[in-house]
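Engineer: What would the 3D arrangement of this be:
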Amino acid sequence: MKKSIYLSALLPIMLSITPESLANSCDINIQQGGTPITANQYNTWKNRILNSSNADLRQAYIDNQCTIRQGPHGGGFMPANANNPHITVRIWDGDICHVFTKVGQQPTFPTTCMQ
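Structural biologist: Numbers count the residues shown, from 1 in each chain. Down below sits the predicted model:
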């Protein structure tokens, strides 16, 4: 009896979790010669993408509309309050973004994007 009560209470919750709601991510497709990204690194960097200073990139991650093209690497233009390493992420509409580690306590991770 108790099991059926628990199941009837949990069933609506379980049915509300769809594959769509679990799909938040960026694909990983490292460009030729690019730095790979490990599973552990991805777990760290996905949080940085979700907390990027670029709203379009944050939304692309939520919508599963982005691809990580290069894992953690240095170089390139570094915006204020940023530090290397950074990753390269392509939003599927064409923008290429670089998400950096941050210096200081700002709430978002510095990000530069260009078409």
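
Engineer: How many neighbouring residues does the closest residue to residue 76 other than its chain neighbours have?
Structural biologist: The shortest distance from residue 76 to any non-neighbouring residue, by C-beta to C-beta, 6 or more residues apart in numbering, is to residue 98 (6.3 Å). C-betas here are computed from N, CA, C, even on glycine. By other C-beta atoms under 10 Å, 24 other residues sit near residue 98.

Engineer: Past the helix or strand where residue 98 lies, which element shows up next along the chain?
Structural biologist: Residue 98 belongs to strand 96-102 when assigned by DSSP states H and E. Counting by DSSP H and E, the element after strand 96-102 in chain order, helix or strand, is strand 111-114.

Engineer: starting at the chain centroid, how far to that following strand?
Structural biologist: Remark: strand 111-114 is offset 14 Å from the chain centroid, using C-alpha atoms, centre = their mean, to the nearest Å.

Engineer: List the contacts of the lengthiest strand in the chain.
Structural biologist: As assigned by DSSP state E, the longest strand anywhere in the chain is strand 82-91. With contact meaning C-beta atoms under 8 Å, 6 or more residues apart in numbering, strand 82-91 is reached by 26, 31, 34, 37, 45, 48-49, 56-57, 60, 65-76, 78, 96-103, 110, 113.

Engineer: if we can go back for a sec, okay, now the sheet partners of the strand holding residue 98, with direction.
Structural biologist: Within its sheet, strand 96-102 is paired with strand 82-91 (antiparallel), strand 111-114 (antiparallel), according to DSSP bridges.

Engineer: just checking, residue 94 touches residue 113?
Structural biologist: No. In this structure residue 94 lies outside contact range of residue 113 using C-beta atoms under 8 Å: 10.0 Å.

Engineer: that older thread, for the strand holding residue 98, what does the pLDDT average out to?
Structural biologist: For strand 96-102, mean pLDDT rounds to 97.
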